[in-house]
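Enquirer: Sequence first, predicted model second:
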Amino acid sequence: MIQDPPSHSAHRPITALVRTKDELRQRRTAMDGTVAAVLTMGALHDGHLALVLRARELADHVILTDFVNPLQFGPGEDLEAYPRTLEADLALVDGLVDVVFAPSIPEMYPAYPPMVSVTAGHAGTILEGAARPGHFDGVVTVVAKLLQLTAPHVSVFGRKDAQQLAIIQRLVADLDLPVRIEPVEIQREPTGLARSSRNAYLSPAGREQALVLSRTIAAALAAAPSVGGIRAALAAAVQRAEIDWDYAHALDPTSLEPVGPEHRGEVLVALAGTIEGTRLLDAAVAVATAP
Ligand code: PAF
């Protein structure tokens, strides 16, 4: 269980639920000191709580956004089925964040779809983007809007969605957004399964099967620092085909391109597979130093 932070943020804010951009702007303007933003689509779990606790360590005030962004769902994806649990979300972060911003779709997008949007470029078309065309364009568009609205000094993002993290770092760099992006380690269940809102869709047998992902991560990390070793561990897992793999790659964490055997430095191990119709991700960063 995640503990309350020791932190300089001994103050327990009274959490306000804010539904409109105008009220958010007013509350943001009234905040003295530094602000951290935690952007979520709700259905909060302990993984999000870790983001909130990290945000509290980093800033005087925390704004959490809770918005299921339709723009990042493709046709036939689970937009309607996506869990919406605002009351439980509020209870989970009550007293830990200053503001929960939970706008309606028309509040976020008075014209839908918006005429002007942001595109994620090539990095948005590979890996998850290949399976979910347009997904990352929707992500970067809403993230740009939410960063604009919350105007934070820092925003925290989980490492599990490694491609999302890399693309958001590029969004901030390429558009000169005045915010620091702080990666937060993956939160795992005691079994090793990476925490995700989508785990809720799995049966007990599916959760057991999903452990292949974290075991493959462990095998790849055990094979570091050799890139060849990491790739061999990934290839062996895919060959065993215990789940329906989409990919298991060793990548450059910034460009998201596959690394060659000569690569030295950080290697992003990125996995995606489908279990019981649910797409699951896992990721880790290894450091390659040896042939
Ligand atoms: O990671 C998520 O939950 C979403 O993609 C994000 C960053 C909140 C944008 O909707």
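Expert: Received the coordinates, thanks.

Enquirer: where does the stretch 1-150 of the chain come near the ligand, residue by residue?
Expert: By the rule Cβ under 6 Å from any ligand atom, the part of the stretch 1-150 of the chain lying against the ligand is L39, T40, M41, N69, Q72, V139, V142, V143. Just so you know, the C-beta spots here come from the backbone N, C-alpha and C atoms, and that holds for glycine as well.

Enquirer: got TSV for these, with neighbour count, pLDDT and secondary structure too?
Expert: Converted to TSV, these look like this (neighbours: other Cβ atoms under 10 Å; pLDDT from 0 to 100; DSSP: H, G, I helix; E, B strand; the rest coil):
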residue	neighbour count	pLDDT	secondary structure
L39	23	98	strand
T40	23	97	strand
M41	18	97	coil
N69	21	98	coil
Q72	21	98	helix
V139	26	98	helix
V142	24	98	helix
V143	26	99	helix
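
Enquirer: For the residues you listed, give me JSON lines that also has distance to K21.
Expert: Shown next, in JSON lines, are those (distance: Cβ to Cβ, whole Å):
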{"residue": "L39", "distance to K21": "15"}
{"residue": "T40", "distance to K21": "17"}
{"residue": "M41", "distance to K21": "18"}
{"residue": "N69", "distance to K21": "15"}
{"residue": "Q72", "distance to K21": "19"}
{"residue": "V139", "distance to K21": "19"}
{"residue": "V142", "distance to K21": "13"}
{"residue": "V143", "distance to K21": "15"}
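
Enquirer: Just the closest of the residues you listed to I14, please.
Expert: Closest to I14 out of these is T40 (20.0 Å), distances taken as Cβ to Cβ.

Enquirer: wait, that closest one sits on L64?
Expert: Yes. The criterion here is Cβ atoms under 8 Å, and T40 meets it with L64 at 6.4 Å.

Enquirer: and the closest residue to the ligand within the stretch 51-200 of the chain, what does it touch?
Expert: Residue nearest to the ligand within the stretch 51-200 of the chain: N69 (4.0 Å; Cβ to the nearest ligand atom). By Cβ atoms under 8 Å, 6 or more residues apart in numbering, N69 lies in contact with M41, M108, G138, V139, V142.
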